[in-house]
Structures are given as structure tokens and as C-alpha cells.
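Chemist: After the sequence you'll find the predicted model.
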Amino acid sequence: MARINVNPTRMELSRLKARLKTAMRGHKLLKDKTDELIRRFTAIIKENKRLRDEVEEDMSRVLTQFSAAKSLMSEEDIELAFSMPAVSLEVECASQSIMNVAVPRLILSEKGSEKAYPYAFAAVTSEADYSVRMMGKTVYKLVKLAETEKTAQMLADEIEKGKRRVNALENIMIPSLEETIKYISMKLEENDRSSRTRLMKVKSMLEEGAR
């Protein structure tokens, strides 16, 4: 591992030791955060799969029943019954935090008349009623599914960034600091030995001169 190009002084040694301590603490915090994000991500992925399976099953039922209704009703009756919906939907986009990662929170609200269905019951078949009722429930799951899928994508991106930072600290920065600290320590010890040797020689020369 290549060491950092610095002057081998005690001041530089103290500075690098402080940097190493900070890097190791940051490495631990980043690793803990990434591990927790992975745990949350796994839970959200499971919830996303459950919602997707439910939505696909519900949509299959809705389309089956609506196809049956279309086969029993005329095109004009279908157009008349469903051209003017009784309820409108609004989605409010907010945000929430997961381990300091801002992820979307979608809030669905209904606005409209007190009538739950946009037609008279006598005008349509029971299959049409079922498909409308089922779609009314499924749309909430669709919005929740969109929320969980976007959340999972954003957490996956953050986990990838966290892993890259952890790897950079673990495999590049910390080893470089450790190698540089080792090099400076050896240089300082070598300088100390040289200084002691010179002092001993000067002392010896002074003693010989005094005789």
C-alpha cells in the first residue's frame, strides 16, 4: 500500500494519528449505517413483493370482471356508465426519512360526490359493479406500490454509495495512513538513535580531551 508523501516529523505523526482515528470512527459509523439500510431495504423489498403480488391478482380479477361486463353490455351503455366518474383522486407527494435518506411518501385522498358509483345500478351488470368496487380498493395499493418501489430504488442507491465509501476507507485510506504512520515512527526512531549515537561520540571526545 502506497504511503502518503509527508515530512516525517512528530507534528505530522500526531496529525496523521488523529486522521486515522477519525477515519476508523467514520468507517464504523458508515458500516453500521449501511448494514441498517440493508436491513430496512430487505424489509421494504419483501413488502414491495407482497404488494405487487396483491396488485397483480386484483388487476387480473378487475379485468376479468370488466371483460365479462363488456360482453353483456353495449358499447353505448359502457360509455354512458363510466364517462363521468363520481370520485376524483388526488395524490399528495411528501417525504419521510429512513436513516437520513429522504424517501417519498404518497398520500391518496378522494374528492367527489356522496355517490360511490357513477351510474344507476339498474344500468349495469354485477360484473361492472364488482370491477369498479375492486378497482377502488386496488388504486390505493397501486399508490403504495409506487411509493415502496421508489423507496427501494433510493435505498439501493444509498447502500451502493455507502459500500463504496466503506471500501475506500477500509482498503485505501486507512491502510495508507497506517503505512505512513509506521514509516514516520521508524524514521523518528532512526533519528533518535542517530542523535544518541552522536551525543555519545561527543561525550566520549570531550572526556578524552579532558584527560
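Modeler: In hand now; what should we look at? Numbering: from 1, shown residues only.
Chemist: for the residue sitting nearest the centre point of the chain, what are its contacts?
Modeler: The residue lying closest to the centre of the chain (C-alpha atoms, centre = their mean) is residue 155, at 2.0 Å. Contacts for residue 155 (C-beta atoms under 8 Å, 6 or more residues apart in numbering) come out as 37, 40, 41, 44, 98, 101, 103. C-beta coordinates here come from the backbone N, C-alpha and C atoms, glycine included.
Chemist: Report pLDDT for the fifth one.
Modeler: At residue 98 the predicted local distance difference test score is 91.
Chemist: Quick one: the strands in the protein, in order.
Modeler: Shown for the chain, the strands assigned by DSSP state E span residues 87-98, 101-112.
Chemist: which of the residues in the first one are buried?
Modeler: Residues of strand 87-98 classed as buried under the neighbour-count rule (16 or more other C-beta atoms under 10 Å) are residue 98.
Chemist: same deal with the last one?
Modeler: Applying a neighbour-count criterion of 16+ other C-beta under 10 Å, the buried positions in strand 101-112 are 101, 103, 106.
Chemist: how about the CA coordinates for that strand, as CSV?
Modeler: The C-alpha trace of strand 101-112 is given here as CSV (Å, rounded to 0.1, in the frame of the first residue of the first chain):
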residue,chain,number,x,y,z
VAL,A,101,-32.3,9.3,3.4
ALA,A,102,-35.2,11.3,2.2
VAL,A,103,-37.7,8.9,0.5
PRO,A,104,-41.2,9.7,-0.9
ARG,A,105,-44.4,9.4,1.0
LEU,A,106,-47.6,9.4,-1.2
ILE,A,107,-50.9,10.3,0.4
LEU,A,108,-54.0,9.5,-1.7
SER,A,109,-57.3,11.3,-1.0
GLU,A,110,-60.7,11.1,-2.6
LYS,A,111,-62.8,14.1,-3.6
GLY,A,112,-66.3,13.9,-5.1
